[in-house]
Structure formats: C-alpha cells, structure tokens
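Student: Need coordinates for the below:
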Amino acid sequence: MSFAIFVTAFRDGEGASLPLSTIRERFEKHVLRREDDGKSWHLAFGDESLPPAVLTYRVMGSDQIGGFAIERPHDDVEFWAIIAGILRDYPCVLYWPGTSAVMGSLDLLSHLPKTMVEKLGIPLVSTDPERIRQHVWDHS
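Tutor: You can find the predicted model right below:
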C-alpha cells in the first residue's frame, strides 16, 4: 500500500499513551534500520524487494508514545497480526485517509473523540489480521 496508517491511543476522548518498549518488541525482528533521531524505523515484511514500511512516533514521556504512523504498510499477514495484537492489547484505534477505522474492542468507542466518530463512523471491531487487512484495502 502506498499511503499511511495511524494507530493512536485514546482515553476519555483525549489522546492516551502506549509503552514504546512493547511496540518496539513487537516490530523488532522486522526492523531493517533506525534513523539517527531514533524516532523512526524502517520495517521489512515478506517480500524484501518491496520498499520498507517506515514507522514514526512521537515520544510523550519516559517509554511512552501517543501512537505511531506507518508509511507504506505491507500486505504481509505478519504485519497485520502485529497491528491486530496492538489493537487487542491497548486502547488504540487504527485509521487512515479514507472513510473508516478499526478498533480491537467495542469498549473503546466511548473513549474516542466524538469528532473522529462523526467523521469516520463507528469503527470496525476486530482483532483478526486478515479481516483488518481486507477492511483497510476495501476502504482506502
């Protein structure tokens, strides 16, 4: 895919935080290199002849980030399994330019900003990597 996806944590309609160390752990075996600023990683999945995905994040405190963006998300199911696991384990929503979003639990709905729900609608609730991947493809 040649666009960006965003994974952001929310609580009570406001941005929340995620542990950077856990996110790093989940992507670690796919990191080709880290940029000097330490806030972006080049990731490879499956077909390494494809351009790497680039994950960027903003530090919010000691080992905390508010979420992350990934440019050129890969089609490989292992990539989507990592995303699905993050949606399952943290109060995050996945969204991208288009008309939809995905969250891992319906419990998160009351924590999303009202403007996000008004713009994107009620997100798909899923932690199935294949279903999430297909939903992103179908709505981008």
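Student: For this structure, which segments count as helices?
Tutor: With DSSP state H as the definition, the chain shows helices at residue ranges 20-27, 77-89, 114-120, 129-138.
Student: With distance to Lys39 as extra columns, can I get those in CSV?
Tutor: No exception for glycine: its C-beta is placed from N, CA and C like everyone else's. Shown next, in CSV, are the helices of the chain (distance: least, CB to CB, whole Å):
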stretch, distance to Lys39
helix 20-27, 10
helix 77-89, 18
helix 114-120, 24
helix 129-138, 24
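Student: So which of those helices has the densest surroundings on average?
Tutor: helix 77-89 (a mean of 18; mean count of other CB atoms under 10 Å).
Student: Distance of the spatially most distant residue from the centre of the chain relative to Trp137?
Tutor: Taking CA atoms, centre = their mean, the residue of the chain most remote from its mean C-alpha position is Ser49, at 22.8 Å. Using CB to CB, to the nearest Å, Ser49 is found at 21 Å from Trp137.
Student: what residues are up against the residue nearest to Ser40 when sequence neighbours are not counted?
Tutor: Spatially, and ignoring its direct neighbours in sequence, Ser40 is nearest to Thr56 (4.4 Å; CB to CB, 6 or more residues apart in numbering). Applying CB atoms under 8 Å, 6 or more residues apart in numbering, we find Thr56 in contact with 39-40, 68-71.
Student: Mind giving me the PyMOL command for buried ones among those?
Tutor: Buried residues within the contacts of Thr56, by 16 or more other CB atoms under 10 Å, are selected in PyMOL with:
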select buried, resi 40+68+69+70+71
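Student: Where is pLDDT lowest across the contacts of Thr56?
Tutor: The lowest pLDDT within those belongs to Lys39, with 88.
Student: Assess the claim that that one and Met60 are in contact.
Tutor: No - assessed by CB atoms under 8 Å, Lys39 is found out of contact with Met60, at 11.7 Å.
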